[in-house]
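Trainee: Sequence first, then the predicted structure:
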Amino acid sequence: MDVKTAFLNGWLNEDIYMVQPDGYVDEAHPDFVCKLKRSLYGLKQSPRMWNQTIDKFMLELGFKKCEADHCIYVKRNDQDMIFVALYVDDLILASNNDELLKSTKEALSVRKRVSAADQVCEGHPGEVQHGEEQPC
């Protein structure tokens with residue numbers, strides 16, 4: 001799944017100013033600057049702000065971060081589990097329960113502008129293995 005305009009979703013936690021963009025210059029105050037409230041593409045803080053935003057959202061959905069890799073989120077319910085891998089603005093979901101997968105996709109689509117992409121692989125049974133020293 002791809003998060004549309006991911007880097008525009010982060011709220012800035014510091015004061016950042018920019019010159020008025022071309023076409024939007026206030027004629028009465030051409031030397032004024034704009035204070036940014038949210039991150040923009042090209043801003044060095046944008047990736048960090050996006051990561052903090054999606055991390056908070058995933059935790060609100062009941063996911064836990066994998067200790068071995070903080071870009072992997074896991075949610076377990078009885079026999080069912082779902083994994084979400086985050087790579088920049090792409091999410092890869094894997095679950096042993098189609099309903100859990102569907103409800104998670106819906107939750108992501110409602111709160112974030114997410115679009116589904118093609119499946120990475122067909123639903124062949126497989127195993128996710130990890131070492132005992134760093135469990136997810």
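Mentor: Structure's in. What do you need?

Trainee: Would you mind checking the average pLDDT for the top strand by length along the chain?
Mentor: Secondary structure of the chain per DSSP state E: the longest strand is strand 80-87. The pLDDT scores in strand 80-87 average 94.

Trainee: cool, and stretch 13-20?
Mentor: Here the average pLDDT along stretch 13-20 is 90.

Trainee: just to revisit the earlier point, for the helix or strand that the longest strand of the chain is followed by, give the mean pLDDT please.
Mentor: Note on strand 80-87: by DSSP states H and E, the next helix or strand toward the C-terminus is strand 90-95. The average pLDDT for strand 90-95 rounds to 90.

Trainee: Return the distance of strand 90-95 from the chain's centre.
Mentor: 11 Å (Cα atoms, centre = their mean, to the nearest Å).

Trainee: export that strand as CSV, just CAs?
Mentor: The C-alpha trace of strand 90-95 is given here as CSV (Å, rounded to 0.1, in the frame of the first residue of the first chain):
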residue,chain,number,x,y,z
ASP,A,90,5.0,2.2,1.4
LEU,A,91,3.3,-0.4,3.7
ILE,A,92,3.5,-4.1,3.1
LEU,A,93,0.9,-6.1,5.0
ALA,A,94,0.9,-9.8,5.7
SER,A,95,-1.6,-11.8,7.8
